[in-house]
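# Okay, structure incoming, though there's no sequence with it:
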């Protein structure tokens, strides 16, 4: 009797265990659609977030690309402007150099002509000076006053010609030192002496009245 009860008890226990296992499996099966829906929702949210990030990255990339294109366009424009400005400067410099070369050439020709004219005039002046200058001239004359001039003339004549017995002078114009100097020995010498007197348009010089030439300068 006790064995039968024990068998029945074990049988009931096994049946209960089977029912419990069946209930657990069934609850899992029942909850499967709900869990699938949650997973799908989570996946959808993740996909939406990734698409949003991708859209943001694409927008940022387009903005960056537009900024780069704008900057590149500005740089190209600046390079083109700089190149045009440089070409303009080169053109202006070339024109100025050409003008300067022409002016230099003209000036060089004019200078050459002036040099030739100057040389010609110098020869003419020298010829004229030689024609009005006496052959024999003293090396120096003391133009301090008429007395020193007379002494210089006497010393020069005595060193080149003869002894001088008398030497005197006579002022020609009032208010001026210009004077007529007379010296005599065997021969008679007469000189017109001028001093540096800018107000009277005179300069230091001595003219031989007989030889009709300047002995000084």
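Structure received. Worth saying up front: this structure is predicted, and the values here are computed from it rather than measured.

# where along the protein do the strands fall?
Ranges of strands in the chain, per DSSP state E, are 166-171, 179-184, 188-194, 205-208, 213-216.

# out of the ones you listed, which comes closest to residue 89?
strand 205-208 (61.6 Å; Cβ to Cβ). For glycine as for every other residue, the C-beta is placed from the backbone atoms N, C-alpha and C.

# What are the neighbouring residues in contact with residue 184?
Residue 184 sits next to 164, 165, 166, 167 when contact means Cβ atoms under 8 Å, 6 or more residues apart in numbering.

# which of the residues you listed count as buried?
The neighbour-count test (16 or more other Cβ atoms under 10 Å) marks 164, 167 as buried among the contacts of residue 184.

# how about the contacts of residue 184 in a markdown table, adding distance to residue 141?
What follows is these, written out as a markdown table (distance: Cβ to Cβ, whole Å):
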| residue | distance to residue 141 |
| --- | --- |
| 164 | 15 |
| 165 | 21 |
| 166 | 19 |
| 167 | 14 |
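
# Return the member of the contacts of residue 184 nearest to residue 62.
residue 167 (117.8 Å).

# The contacts of residue 184: which two are farthest apart?
Top of the distance list for these (Cβ to Cβ): 165 and 167, 8.3 Å.

# What are the boundaries of the helices in the protein?
2-132, 146-160 (DSSP state H).

# sorry, back to before: format the strands of the chain as JSON lines; extra columns: distance to residue 104 and mean pLDDT.
Output for the strands of the chain, formatted as JSON lines (distance: least, Cβ to Cβ, whole Å; pLDDT from 0 to 100):
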{"stretch": "strand 166-171", "distance to residue 104": "57", "mean pLDDT": "98"}
{"stretch": "strand 179-184", "distance to residue 104": "55", "mean pLDDT": "98"}
{"stretch": "strand 188-194", "distance to residue 104": "46", "mean pLDDT": "98"}
{"stretch": "strand 205-208", "distance to residue 104": "43", "mean pLDDT": "98"}
{"stretch": "strand 213-216", "distance to residue 104": "43", "mean pLDDT": "97"}
